[in-house]
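>>> I need the structure of the sequence given here:
(chains A and B)
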Amino acid sequence: MLFRIPLSGPARAKAISHGQTTKGPPPMSRYSAAEIEAKWQQAWDEAGLFRATRSADKPKYYVLEMFPYPSGRIHMGHVRNYTMGDVIARYKISNGFNVLHPMGWDAFGMPAENAAMAIGGHPKDWTYNNIADMREQMKPLGLSIDWSREFATCDPEYYGQQQSLFLDMLEKGLVYRKNAIVNWDPVDMTVLANEQVIDGKGWRSGADVERRELTQWFFKISEFSEDLLASLDGLDNWPAKVKLMQANWIGKSRGLQFSFDLSTPAHGFEAVEVYTTRPDTLQGASFVGISPDHPLAKALEADDAAVASFCAEARKGGTTEEAIETAEKLGYDTGLTVRHPFDPEQVLPVWIANFILMDYGTGAIFGCPAHDQRDIDFARKYGLPVHDVFVPASGEEGHTRAENGKTAYVPPKTEAVRYIRGFAGQDVQTGAEAVDAAIAYCEGKGLGQGVTKFRLRDWGLSRQRYWGCPIPVVHCAECGVVPEAKANLPVRLPDDVTFDVPGNPLDRHATWRDCTCPKCGKEAKRETDTMDTFVDSSWYFARFTAPHAETPTVAEDAVYWMNVDQYIGGIEHAILHLLYSRFFARAMNLTGHLPEKAREPFDALFTQGMVTHEIYQTRDANGRPVYHLPEDIDRDSQTVKATGEALEIIPSAKMSKSKKNVVDPVSIVTGYGADTARWFVLSDSPPERDVEWTASGADATAKHLARVFRICADVAEMPEGAGDGDDALLRAMHKTIDEVTKGLESFGFNAAIARLYAFTNTLHKTNAGGTARRAAARVLAQLMAPMTPHIAEELWHMLAGQGLCAAAPWPKADPEMLKDESLTLPIQINGKRKAEIVVPADMPAAEVEKIVLANDAVIKALEGATPKKVIVVPGRIVNVVV
RNA sequence: GCCCAAGUGGCGGAAUGGUAGACGCAGCGGAUUCAAAAUCCGCCAUCGGAAACGAUAUGUCGGUUCGAGUCCGACCUUGGGCACCA
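The predicted model follows:
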């Protein structure tokens, strides 16, 4: 190995005088991150430590962090995410695993096109420049990444394979076209992303956005609803909250589907089909509501200007469920009526309502205002009747709703209530029982059918944008929609495009659009939609197992490396990205690209919190906030340096450029070193929670590392020999090994680091001899290595460790050294701690009880009486109840 | 609006239902220094008390338990997601 750092005289002399046994470089005299970090990164590189190759003689371990979008700058969130993965990867290497730890770029997406529009240039150049910049910012962190596997999703080699996957899925019937609703900007004449719709207006034009239908490509994810839901049960190493969120998202429900016959048929419709999860409330129905996109609404719209103008109004605003749910509830009485299925004499009005989604159920509902908040809001607004169906099992409070209540009575389905307008089952029963009884009743009478439905909708993957993976099909006048021939893949994005006009450049690129039909050879037009960027990130984990192959995956590699043993990323991806990836893994299994075992691709998932920072804010003359950079303010006096204005300090907000509270990791690494940045983002806060970046915290971390360095340098100078404190130090060492190991195994990085602080103090204060101290210091270096690999490597060599610390086997705690001979038991009286006793660790409970009852504090509390109860929890606590 | 989380000293946080505040930051006192920086030693939840000690305390209110930060219910606040941001 070659090392480039020249040595000063004293450092060399010291290294020689302390019997350096390895071939590593002689140590330096003082901690200098800048000197050691590049040196050790080069050493790992030359040793090929992180290059992953298949191997039969080691167990494999695949650790993956969600790959970044190449914005151009890494931020602290990246540092935290990749450091966590790195800790796991390095820990697993030390434990003898063959580790795969790759990195790539989620490189398609809107920001590149926005940049092209705003500052000119080409999305491709912008993206690849950003990737180069970010790679350069990332490398100094010393991550154990196999860079030979790097790719970007915008590489034609990657998206070409994605197109191939798409064609295989098309063949298997997993892709189809249908109409779907998009945000339409009527001024720019373009489709907008949800984030481009601000308060119902287009972000550039400011025009009222409308919901408009467009023919789009879809993945049949709904075909897997049941499987995706049921399989959550097997994901034992996923956070419960993520599984719960996914389960709710998939939204399996049992309900009744039935028809309301129209009193008079209209526009060819004889009935309105509805789906309800609360058929037990059918006797409380007071209206039928249909979506503005319901076929009946559309038929009415066609020849009734009033309906048309209502529907146009109802379609205003964005497509998000949030926008629809929070918009003012609007209704239009169509004048049509339907007959109640139980009583043909009873008729209900049919309303068009803007809060009913065409995508869920049948696009039509019946409203039972007494037991649905949305329905009662609607009923009160439009003067529709409210009929109570059930009241609390005890008491009659529920009755008032029918008169003038504004709040629906919606108890949990598991709660027993008294049905006053029930028609099936007992008078008093739970909602769930009543639903089952109602379905059975209606099925028996032939009035409807019990059906299971899912909330999960098919995945619309079409995007009317340039910077994405082209959908590899052509439109032929003769043959219709034809898949592109695999031999013609990749369908490459054309380079000669401009972004001076809104809309999709592919749409107006005549020479790119023109092509020949792969089937009949005649002139045809290319599909100009590109794929949702979620497609790119739904299989990259599989591609990493054979990143440069000429097929999407390679069987041997996929079988060997899959599944991802540990996946790490932000909680914001809890639903969509993870659900789509689970779907893709299934689809890739069906199309022969992944083995059966990879249908659930992520064995363990960890969701980490964000890195936050204070916001420094003043207000302008209009009271609008003005943000200030950390370097422009004086924190002590809480003022702006330049103007002396008083500051408002807003704690703990997600770092964002616009709020000017972004801390740049590059400046931290340059100033303090990578080890300080890595240690800091792992310490203090539990990894699943947000961490607040503070300047003083970073400073303190750097000081701590320098202290560890000093302590270990002193230890390195000590002669071999025994000392009084040997046993205590070695016991502490084994305890620390045990605790840190447990911490790393369970993502308790902050707890592991706390133990390392404590052990550093122990090592500092010990009166052990040189031999024990050296052993303890080496272990300290090893235990720190996953978090702070560079300084650990330096210390390891200073302390005469063999080979590279990064390659050394993980230390093992000796169970004998973990046992304590005696322990301190707190004594509680009525649950309040009043005293404590020290007893031998193995003392039987009866003995402990005797000692406790003889204790002064206990005698005093008892005042001569006998205790009602004495609870002895072995090794834990004693509670005396008086 | 709906789904999911999280709330503990001045601050970040620790705590298999069993001594609340480990560890770190900030602060305070001391040592070293001509002085400072750096370093080292010590103190540090709140209230009362000279102290011993006592009382209070984990967002709010209620419950289960010998015992609740931890479990259950309701509420408040903050954060994440809501299908075209990634």
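>>> which stretches of the stretch 151-300 of chain A form helices?
Assigned by DSSP state H, counting those that start in this stretch, the helices in the stretch 151-300 of chain A fall at A:156-171, A:225-230, A:240-250, A:295-302.
>>> could I have the longest one exported to CSV, CA atoms only?
Translated: helix A:156-171. Below are the C-alpha coordinates for helix A:156-171, written out as CSV (Å, rounded to 0.1, in the frame of the first residue of the first chain):
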residue,chain,number,x,y,z
PRO,A,156,-30.3,4.7,-21.7
GLU,A,157,-28.8,1.4,-20.5
TYR,A,158,-31.1,1.6,-17.5
TYR,A,159,-34.3,3.0,-19.0
GLY,A,160,-33.9,0.7,-22.0
GLN,A,161,-34.1,-2.3,-19.7
GLN,A,162,-37.1,-0.6,-18.0
GLN,A,163,-38.8,-0.4,-21.4
SER,A,164,-38.1,-4.1,-21.9
LEU,A,165,-39.8,-4.8,-18.5
PHE,A,166,-42.7,-2.6,-19.6
LEU,A,167,-43.2,-4.7,-22.8
ASP,A,168,-43.0,-7.9,-20.7
MET,A,169,-45.6,-6.6,-18.4
LEU,A,170,-47.8,-5.4,-21.3
GLU,A,171,-47.6,-9.0,-22.7
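>>> hmm, it touching RNA strand B?
No. Judged by CB under 7 Å from any atom of the strand, helix A:156-171 stays clear of RNA strand B, getting no closer than 13.9 Å. Just so you know, the C-beta spots here come from the backbone N, C-alpha and C atoms, and that holds for glycine as well.
>>> what residues does that helix touch?
A:108, A:151-153, A:175, A:219, A:469-473, A:483-484, A:486, A:489-492, A:531, A:535-536, A:539-540, A:543, A:548-549, A:551-552, A:587-588, A:591-593 (CB atoms under 8 Å, 6 or more residues apart in numbering).
>>> swap in 7 Å and give it another go.
A:151-153, A:175, A:469, A:471-472, A:483, A:486, A:489-492, A:535-536, A:539, A:543, A:552, A:587-588, A:591, A:593 (CB atoms under 7 Å, 6 or more residues apart in numbering).
>>> what mean pLDDT does it have?
Averaged across helix A:156-171, the pLDDT comes to 98.
>>> and what of stretch A:503-520?
Per-residue scores along stretch A:503-520 average to 93.
>>> pLDDT below threshold where in chain A?
For chain A, the stretches with pLDDT under 70 are A:1-29, A:394-404, A:610-639, A:646-663, A:691-693.
>>> give me that answer again for 80
Residues of chain A that meet the criterion pLDDT under 80 lie in A:1-30, A:359-360, A:393-407, A:412, A:414-415, A:609-664, A:690-697, A:862-865.
>>> for it, what's the longest helix?
helix A:695-717 (DSSP state H).
>>> my read: residue A:599 touches residue A:588, true?
No. Using CB atoms under 7 Å, residue A:599 is not in contact with residue A:588; the gap is 8.8 Å.
>>> so for those two, which residue has more residues nearby?
residue A:588 (24 against 19; other CB atoms under 10 Å).
>>> which helices and strands sit right next to the helix or strand where the more buried one lies?
Following DSSP states H and E, the helix or strand that holds residue A:588 is helix A:576-590. The helices and strands touching helix A:576-590, judged by 3 or more CB pairs under 7 Å, 6 or more residues apart in numbering; DSSP states H and E, are helix A:225-230, helix A:240-250, helix A:533-536.
>>> any chance of these in JSON lines, plus mean neighbour count?
Output for the helices and strands packed on helix A:576-590, formatted as JSON lines (neighbours: other CB atoms under 10 Å):
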{"stretch": "helix A:225-230", "mean neighbour count": "17"}
{"stretch": "helix A:240-250", "mean neighbour count": "16"}
{"stretch": "helix A:533-536", "mean neighbour count": "22"}
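>>> on that earlier part again, what packs against the longest helix of chain A?
helix A:665-672, helix A:674-682, helix A:749-765, helix A:770-784, helix A:789-798.
>>> the fourth one and RNA strand B, are they touching?
No. On the criterion CB under 7 Å from any atom of the strand, helix A:770-784 is out of touch with RNA strand B, staying 13.2 Å away.
>>> what angle separates that helix from helix A:674-682?
70 degrees (axes from the mean of the first three to the mean of the last three CA atoms, to 10 degrees).
>>> who touches the helix holding residue A:588?
So helix A:576-590 is contacted by A:165, A:169, A:172, A:174, A:219, A:221, A:224, A:228, A:242, A:246, A:249, A:459, A:534, A:537-539, A:542, A:594, A:596, A:598-601 (CB under 7 Å, 6+ apart).
>>> swap in stretch A:875-882?
Contacts for stretch A:875-882 (CB under 7 Å, 6+ apart): A:823, A:825-831, A:848, A:852, A:858, A:861-862, A:865, A:867-872.
>>> give me the subset of the residues you listed touching RNA strand B.
A:826, A:828, A:830-831, A:869, A:871.
>>> now residue A:193, nearest residue through space, not along the chain?
residue A:110 (6.3 Å; CB to CB, 6 or more residues apart in numbering).
>>> what about that neighbour, neighbour count?
Neighbour tally, residue A:110, other CB under 10 Å: 17.
>>> test my guess that it contacts residue A:192.
No. The pair residue A:110 / residue A:192 is not scored as a contact, 10.4 Å apart, by CB under 7 Å.
>>> surely residue A:608 and residue A:80 touch.
Yes. Counting by CB under 7 Å, residue A:608 does reach residue A:80; the two are 6.4 Å apart.
>>> out of the contacts of stretch A:875-882, which are inside strands?
A:823, A:825-829, A:869-872 (DSSP state E).
>>> report the buried members of the contacts of stretch A:875-882.
Among the contacts of stretch A:875-882, those buried by neighbour count (16 or more other CB atoms under 10 Å) are A:825, A:827-829, A:848, A:852, A:858, A:861, A:867, A:870, A:872.
>>> for the stretch 501-650 of chain A, which residue gets nearest to RNA strand B?
residue A:572 (3.6 Å; CB to the nearest atom of the strand).
>>> that residue: neighbouring residues, count only.
11.
>>> got it, and residue A:141?
23.
>>> generate a ChimeraX selection restricted to the buried entries among the contacts of helix A:156-171.
Here is the ChimeraX selection string for the buried members of the contacts of helix A:156-171, based on 16+ other CB under 10 Å:
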select /A:151,152,153,175,469,471,472,483,489,490,491,535,536,539,543,552,587,588,591,593
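>>> all strands of the stretch 151-300 of chain A, in order?
For the stretch 151-300 of chain A, applying DSSP state E, counting those that start in this stretch gives strands covering A:175-185, A:190-192, A:197-198, A:201-202, A:210-219, A:252-266, A:269-276, A:287-290.
>>> columns distance to RNA strand B on top of those, output as TSV?
Listed next are the strands of the stretch 151-300 of chain A as TSV, based on distance: least, CB to the nearest atom of the strand, whole Å:
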stretch	distance to RNA strand B
strand A:175-185	4
strand A:190-192	5
strand A:197-198	8
strand A:201-202	12
strand A:210-219	6
strand A:252-266	12
strand A:269-276	14
strand A:287-290	15
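>>> buried deepest among these, which one?
Of all these, strand A:287-290 has the most neighbours on average by mean count of other CB atoms under 10 Å, namely a mean of 24.
>>> pull the distance from that one to the chain's centre.
38 Å (CA atoms, centre = their mean, to the nearest Å).
>>> that one pairs with which strands, parallel or anti?
strand A:343-353 (parallel), strand A:364-367 (antiparallel) (DSSP bridges).
>>> other residues contacting the last one?
It stands for strand A:364-367. A:272-274, A:276, A:285-290, A:294, A:356, A:375, A:378-379.
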